[in-house]
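> Let's see this in three dimensions:
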Amino acid sequence: RAAMEEEDPRGMVDGGSGKRLAMKLGYSYTVYVLILPWVDAKVETPTKIVLSATDKHLLGLFSARVMAYRKPEPYKGEGIFIGTETVRVKSVKKK
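Alright, predicted model coming up:
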């Protein structure tokens, strides 16, 4: 689940845009990601985040940083995916 917070307590410190992304990824705490000024982020649904930027390279670096919090997992097929990316689900080992 993701939500956009318009007022980051840190404000414009560290080159931020004053916005942050709050994500509940299954940990015991909420993960907050500072939205950089050159990235436009929209949360369309609680499970879908739309990122856009003028520089494709910087957008890729930012999306990789977001994806690193919960990488796609091959046994359950859970995690953060980019675009229409899918992961082939592995079968469990049987004795």
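> Just say helix, strand or coil for the most centrally placed residue in the chain.
Nearest to the mean C-alpha position of the chain, by CA atoms, centre = their mean, lies residue 66 at 3.7 Å. Under DSSP: H, G, I helix; E, B strand; the rest coil, residue 66 falls in the helix class.
> so the nearest residue to it once chain neighbours are set aside bridges to which residues?
Excluding its sequence neighbours, the residue lying closest to residue 66 (CB to CB, 6 or more residues apart in numbering) is residue 33, at 5.7 Å. To be clear about C-beta, it is placed using only N, CA and C from the backbone, and glycine gets the same treatment. With DSSP bridges applied, residue 33 shows beta-bridge pairing to residue 21.
> For residue 82, the count of nearby residues, please.
Per other CB atoms under 10 Å, the neighbour tally for residue 82 reads 12.
> Could I get the contacting residues of it?
63, 67 (CB atoms under 8 Å, 6 or more residues apart in numbering).
> Could you measure from it over to residue 39?
Per CB to CB, to the nearest Å, residue 82 is found 14 Å from residue 39.
> what do you get for residue 52?
Taking CB to CB, one finds residue 52 at 7 Å from residue 39.
> With neighbour numbers in mind, choose between the two.
Taking residue 52 and residue 39 together and counting by other CB under 10 Å, residue 39 has the greater number of neighbours (21 against 9).
> and the more buried one, what are its phi and psi?
phi -110, psi 130 (degrees, to the nearest 10).
> residues in contact with it?
Residue 39 sits in contact with 17, 51, 52, 53, 58, 59, 62, where contact means CB under 8 Å, 6+ apart.
> Go through these and flag which are in strands.
Using DSSP state E, the subset of the contacts of residue 39 located in strands is 51, 52, 53.
> count of neighbours near the first one?
The tally of other residues near residue 51 (other CB under 10 Å) stands at 16.
> My read is that it contacts residue 63, right?
Yes: Residue 51 lies in contact with residue 63 (CB atoms under 8 Å); the separation is 5.8 Å.
> so where is the chain shaky, pLDDT-wise?
7-17 (pLDDT under 70).
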